[in-house]
Structure formats: C-alpha cells, structure tokens
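Q: sequence and predicted structure, then a few things I'm wondering about:
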Amino acid sequence: MQTPLRLKIGKQPEQGPGQKDVSERGIKKLAVISRRPTSPSEGWLADATFRGLVIACAVSLLVIVALILIQLMRQSAASRGSFGLKFLTTSIWNPVTGKFGAAPFIYGTLVSSFLGLLIAVPLSLGTALFLTELCPPFFRRILGTTVELLAAIPSVIYGLWGLFVLAPVLRLYLEPWLQKSLGWTGLFSGPPLGVGMLAAGIILAIMILPIVASVTREVILAVPRQQREAVLALGATRWEMLRMGVLRNARVGIVGAVILGLGRAIGETMAVTMVIGNSPQISKSLFAPGNTLASVVALEFSEASDDLHLSSLIEVALVLFVITLIVNALARLLVWSVTRGQPSRTLA
Amino acid sequence: MPKPPKTSISLRRRLSNLLALGGITLATAIVVVPLILIIGTVAYHGIAGLNWAFFTNMPKPPGETGGGMANALVGSGMILMIASAIGIPMGIGTGIFLAEYGRNAYGDVVRFTADVLNGVPSIVIGLTAWALVVVAQGHFSAFSGGIALGIMMVPTVSRTTEEVLLMVPQSVREAALGLGIPQWRTTLSVVVRTAMSGIVTGIMLAFARIAGETAPLMFTAFGNQFWNTSFKEPVAAVPLQIYVYAISPFDEWHRLAWTGAFVLILLIAGAMILFRFATSRGVMRETT
C-alpha cells in the first residue's frame, strides 16, 4: 500500500505491522463511527483507555450531583430530626432560642422571584421578538451581544449597584409615589426603606432578563419559516403573524424559558442578599425587608456557631436545591420538546 | 416581507399592530437601559478610585486611606487556577463523551444532568464543597474554593464542547479513521483541534461566569485580610472583598468596592478579548 496522504495533525501515528488492515478498519469505522473496533487491533488499548477517560468525566458529573444531594442530606440530619416537616411551615427563625423554620425564606424566595418574573418576562419576550423578527440585521449582532453582556456581569456587582444606586432611587422617588397612588392595595405600605422585596424583585428582573430572552429567542428561531409565511399569506398584519404564527407555536418553549428564569431567580444569592434587607419576616408589603432561602444561608452560615443552626441552614439549602432541581428539570423538558433535544446554548 | 394592501385592514387591527410593534421595540430599549446604567455607574465610581495602590497595597483598616486589593487579586488568581485545572479537562472530557460516544440514552442522561447542574444555585455548590473539603480538612482553603468554582465550570464547558464537536463534519472523522489513525487520536488531534476555537469560547463563557462568583467562596476560600499564597490557607478573592466592602459602613471601603467592581469587569472583559484574539486564527468560524 502507498504511503497515505498526510493530514496536518502534527505527528503521524505509528504504522505498525497492522498497516494492511488500514482500509478495512476504516470501512468498519465508517459504519459504526463511535463504537469500539470489533476486532482487537494495535490501537485497541489506547482507544479503550481514551473511551474510559471520557466516560469517567461524564460519570463524575453524575457523581457530583449525587454528592450534592448526599452531603446536604447528611449535614442537615440534625435539623431534619428535630423539626421534621414542620420546618417548612414554621415562621419562627431564632438562633438564640434554637427554633428554626424556613417559611419566611420560602415566602421571600417565591415573592421576590415572581416579582422578578413579572417584570422580566414581558421585557424579555419583547426583546426576543425584536431580535428575531423586527431588528435590522446590522443592529442584531450588537444588540444580541449587549443582552448577553448583561449575563456576564457578576452578581455581586448587581448587588453593589442595587445597594448604592437602585435602593436610594426607590426610597426617594418610586416608593413614595407607589405609596401615594397604590397604597390602598396594602402591597405598598410601611416606610419606604429602599432595600426590601421590591428592590430584590427589580434586581432579579434585570439579572434573569438575558437567560429568558436568549432561550426565548432560540425557541422562536426553531419555529419553521413556513408558519410565518402561511399566516402572512392569509393577510395578517405583522403583529398577527407574530401572535399566531410565532408565539402560538413557540408557547411551550417560552414557558420553558420563563421557568428557566424562575430557576435562576430562586437560586440567585449575592445581589439579593445585598438589597433585600435581611429580616426573617412575612409581610404583605413589598417595601418590607425580607430574606430568601439563598440569602439567609449566605448571611448566617459563616457566623453560625451551634450545630443546630448550621444544620438548619443546610436544610434551607437542601430545600433550595430540591426546588431548583424540579424547576430546572421542568424547564429543560419544555425547552427540549420544542428545540427537539438539540444542544441548547447554555448561556452563563 | 410582502405587505398586504392597506385598504383591507381595519383600523382596529392596524392600531393593535402598531401598538404591539411599538411595545416590542420599547421593551428592547428598556432592557438596554440597565446595562448602560450599571456599566456607567461602575466605570464612573471605579475610574475615580483607580490607582496603583489598589493593585499593590494590602487592605487597610477603616479610616485609613490608600488600601488596595493586592492579596485579593492574587487569591482570585489562585482560586481560578484550581477551578480551571478541574473544570476545563472535566468539561472537555464530558463534551467529547456527549458528542462522540453519547448519541444514545446514556448521553441523554448526562446531558440532562449537565443542564440540571448548570441550574444548581452557586451557594448550594459552595455548601457542598464546604461539606466535602472544609469539614474533612478542618479549615477553609483556596483549594476548596477552587473545587467549588471548578464544578460550576463543567456544565457550560461540556455543553459548548459537545455543540461545536457536532459541527465538525462527519467526513473529517471518516477521513482520519480511513487513514488508519486510531479513534482516540482522531478525536483529539483532528476533531477537537478543528473545533478548538469553539471549545475555547465555551471555556471563556464558563470562566467569565465563575470569575465573579462570590457565594460559593464565602465558606470555602473564606477571605483573608493578610497576604497568602498557600493553597491550604484561606485566601481573599476580589468578588468576596467587594461584598465585604459594600456592606460595610465606611465610605473609603465603598470606594474600594466600586474600584474592585470596575477592575473585575475589566478583567472579565479582558479575558474574553484575549481568548477571542488567541483563537481568532482557529480553523472554524466563531460559533456565537
């Protein structure tokens, strides 16, 4: 056999006595490209080792997730033992008397996250539609990068900005105005502190915008072009085309994107810790300071001295983990059902 | 796109069309505003406090001016080094598995787990690293912080790696295998090398994400007021220091927090540009 053509791959692999089999083996590989060669040849051991290595990497990913669950369960054993399921419904959190209940944090997490979604979803839906359907092509790249940049800003910097810029603006302008015009609802009562649920919700909204917008955009792009053309051909206006041809077809995926954003909001720690006011209470007013599952762990964990306090904080983290697990699994399934399991761009 | 004749559309439909399109454009504008505001404020306050002392001095007690973040910069570097050493090989390995061996149910399980791990709150990962490493060793350390951040890199790196490996045409693999190159060599030297620029983009995304992470470091790397270059000791980190300074009541520390934030954004942006530049000679087009 002639010397084979050289690919530009640095060193040429050794051509041992097995050179005769080269073409034969190549053909076999064409059939089942990703399977181990059926007959042991000179590269067998190396192939098997490599295969073993990458499988080990993949398996360790599963091990990590399992370890997270096991460790959280183990370390929270003391708390689970002494409070049981009442841990989730008790609204007293008092390290001094050793009484711990996570209800205020579950409440705080839900309220701040939903507030964040309430603001972020319409805006990101609009952005995704603008980027895919309305935006002039030359502008698309810049705008897309801008939105993705929002995702690259560290959480602690959002917190810094929230604490020193957003909170004062809320305290001096937005909150007094809300109180005057909507105070009768009871949602906007109490002293305007700046920091509190409302601030946390707004910061969360800004932070989850990029992920919701980019996944929505991805889902919208997966809607076949013919759908749009068909609706337009029936004489629809552009908005009717978007509504009937695009949004209706993409709705499952959009719900997935929203839930994905919810998962982000629930787990967000630093920025929320810095602007939520940190107080374990349940209050109807959005001006009131609160705490979330993530923020109470961040705030108290390094200062907790007794074992029950530590254990309770870890149980809080366990609750957080289970909630995000369910939320993310749900979101992924929904998004996958639209993009047909193609690797979705996992944005930071 | 062809426009339907105007006369056939009722006023109500035309108005709702106009309103909706206007709303969409307005929403986009509202999204861009906070970004400009945040970057603007950080740059405004950050540039004001930027000087050499910030990079060379140690933190000073409240009341004294001229403190810096030298130890935190070094600490962040150490933590990120460990994180990269763990996260990048594991991520690429998993990505290769998914693309080359994982076109089946096993692959789907791994893929799903990666997506789930991607959504696990960073503070939970930090707690796990605390339970696994800090509790076992009995002390906080740079090492444990690196492990927490390394774990966080894996999902992003692996999914991006998979994505770009799948973009390498099957014929390239076939050609290499047809020349008698063993499969592992084909994957590493031909397929991975072809997709290198895309893989690096993924690494860059993951790196940018963890470089600013604070929550997982609070009970792993813990922070340190003093100079430390030992991986076994607690170290300071820039994001951690920003947090501590921001919630403090001292004006001088607030200034340092802003400068720290500015430097952090610059470092992340710089790393991204550097990666881009280093990979611009790659064979493949950018995958973004």
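A: Structure received.
Q: which parts of the stretch 151-300 of chain A sit against chain B?
A: A:152-161, A:163-165, A:206, A:209, A:213, A:232, A:235-240, A:242-243, A:260, A:263-264, A:266-270, A:274, A:294, A:297-298 (Cβ under 8 Å from any Cβ of the partner chain). No exception for glycine: its C-beta is placed from N, CA and C like everyone else's.
Q: for the residue in the stretch 151-288 of chain B that chain A sits nearest to, what are phi and psi?
A: Per Cβ to the nearest Cβ, residue B:212 is where the stretch 151-288 of chain B lies closest to chain A, at 2.2 Å. Main-chain torsions, residue B:212, degrees, to the nearest 10: phi -100, psi 10.
Q: what about it, neighbour count?
A: Residue B:212 is flanked by 25 other residues according to other Cβ atoms under 10 Å in any protein chain shown.
Q: contacting residues around the residue nearest to it when sequence neighbours are not counted?
A: Closest residue to residue B:212 in three dimensions, ignoring its sequence neighbours and counting by Cβ to Cβ, 6 or more residues apart in numbering or on different chains: residue A:154, at 2.2 Å. Contacts for residue A:154 (Cβ atoms under 8 Å, 6 or more residues apart in numbering or on different chains) come out as A:270, B:211-214, B:239, B:264-265, B:268.
Q: name the helix or strand for the one residue sitting closest to the centre of chain A, please.
A: Nearest residue to the geometric centre of chain A (Cα atoms, centre = their mean): residue A:264, 3.7 Å. In the assignment (DSSP states H and E), residue A:264 maps to helix A:248-267.
Q: what helices or strands is the next helix or strand after that helix leaning on?
A: Downstream of helix A:248-267, the first helix or strand assigned by DSSP H and E is helix A:270-275. If contacts are counted by 3 or more Cβ pairs under 8 Å, 6 or more residues apart in numbering or on different chains; DSSP states H and E, helix A:270-275 sits against helix A:155-161, helix A:197-221, helix A:293-300, helix B:238-246.
Q: which other helices and strands contact the third one?
A: So the one you mean is helix A:293-300. helix A:103-129, helix A:248-267, helix A:270-275, helix A:307-339, helix B:122-129.
Q: any idea which helix or strand comes after the last one?
A: Right, the one you point to is helix B:122-129. Proceeding N to C from helix B:122-129, the next assigned helix or strand is helix B:135-137, under DSSP H and E.
Q: which other residues reach that following helix?
A: With Cβ under 8 Å, 6+ apart as the criterion, helix B:135-137 contacts A:75, B:144, B:232.
Q: let's see 7 Å
A: Outside helix B:135-137, not one residue touches it by Cβ atoms under 7 Å, 6 or more residues apart in numbering or on different chains.
Q: and what of stretch A:234-253?
A: Contact partners of stretch A:234-253, identified using Cβ under 7 Å, 6+ apart, comprise A:129, A:133, A:219-220, A:223, A:227-228, A:230-232, A:334-335, A:337-339, B:4, B:8-9, B:13-14, B:16-17, B:20-21.
Q: swap in 8 Å and give it another go.
A: Residues from elsewhere that reach stretch A:234-253, judged by Cβ under 8 Å, 6+ apart: A:129, A:133, A:215-216, A:218-220, A:222-224, A:227-228, A:230-232, A:254, A:334-335, A:337-339, B:1, B:4, B:8-9, B:13-14, B:16-17, B:20-21.
Q: and that stretch, what's buried?
A: For stretch A:234-253, a neighbour-count test (16 or more other Cβ atoms under 10 Å in any protein chain shown) marks A:236-247, A:249-250, A:253 as buried.
Q: and the helix holding residue A:264, how far out from the chain middle?
A: Distance, stretch centre to chain centre, for helix A:248-267: 9 Å (Cα atoms, centre = their mean, to the nearest Å).
Q: can you flag which of the buried residues of stretch A:234-253 belong to helices?
A: Taking DSSP state H, the ones among those that sit in helices are A:238-240, A:249-250, A:253.
Q: what's the closest of the residues you listed to residue B:159?
A: residue A:253 (17.5 Å; Cβ to Cβ).
Q: what number of residues lie near residue B:251?
A: By the measure other Cβ under 10 Å, the count of residues near residue B:251 is 9.
Q: shaky segments in chain B?
A: For chain B, applying pLDDT under 70 flags the ranges B:1-8, B:275-276, B:278-288.
Q: how far away is the residue most central in space within it from residue A:229?
A: By Cα atoms, centre = their mean, chain B has its centre lying nearest to residue B:209, at 1.9 Å. According to Cβ to Cβ, to the nearest Å, residue B:209 and residue A:229 sit 39 Å apart.
Q: stretch B:154-162 vs chain A: in contact?
A: Yes - legend: contact between stretch B:154-162 and chain A by Cβ under 8 Å from any Cβ is shown at B:154-156, B:158-160, B:162.
Q: tell me the contacts of the residue of the stretch 151-288 of chain B closest to chain A?
A: A:153-157, B:239, B:264, B:268.
Q: residue A:115: which of those is nearest?
A: Among the contacts of residue B:212, and counting by Cβ to Cβ, the member closest to residue A:115 is residue A:155, at 17.4 Å.
Q: could you tell me the end-to-end distance of stretch A:265-274?
A: The straight-line separation of the ends of stretch A:265-274 (Cα to Cα, to the nearest Å) is 14 Å.
Q: circling back: buried only: go through the contacts of stretch A:234-253 for me.
A: Applying 16+ other Cβ under 10 Å to these flags A:129, A:133, A:215-216, A:218-220, A:222-223, A:227-228, A:231-232, A:254, A:334-335, A:338-339, B:9, B:17, B:20-21 as buried.
Q: would you list the contacts of residue B:212 in CSV and tack on distance to residue A:51?
A: Formatted as CSV, the contacts of residue B:212 follow (distance: Cβ to Cβ, whole Å):
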residue, distance to residue A:51
A:153, 40
A:154, 38
A:155, 38
A:156, 41
A:157, 43
B:239, 38
B:264, 40
B:268, 36
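Q: my read is that residue A:65 contacts residue B:114, right?
A: No - with contact defined as Cβ atoms under 8 Å, residue A:65 does not reach residue B:114; the gap is 9.3 Å.
Q: between those two, who's got more neighbours?
A: The residue with more neighbours, out of residue A:65 and residue B:114, is residue B:114; 27 against 18, by other Cβ under 10 Å.
Q: for that one, list the residues it contacts.
A: A:61, A:346, B:94, B:98, B:154-155, B:158-159.
Q: neighbour-wise, give me the winner out of the residues you listed.
A: Counting neighbours by other Cβ under 10 Å, residue B:158 leads the contacts of residue B:114 with 34 neighbours.
Q: that one falls within a strand, correct?
A: No - assigned with DSSP: H, G, I helix; E, B strand; the rest coil, residue B:158 falls outside any strand and is helix.
Q: which non-adjacent residue is nearest it?
A: In this structure, residue B:158 finds its nearest non-sequential neighbour in residue B:94, 3.7 Å apart by Cβ to Cβ, 6+ apart.
Q: quick check: buried residues in the helix or strand containing that neighbour?
A: With elements taken from DSSP H and E, the one containing residue B:94 is helix B:70-96. Within helix B:70-96, the residues scored as buried using 16+ other Cβ under 10 Å are B:70-76, B:78-80, B:82-84, B:86-88, B:90-96.
Q: now swap in stretch B:226-234 and tell me
A: B:228, B:231, B:233-234.
Q: so which of those residues are in helices?
A: Using DSSP H, none of those sit in helices.
Q: most widely separated two among those residues?
A: Between any two of those (Cβ to Cβ), the greatest distance is 10.6 Å, for B:231 and B:234.
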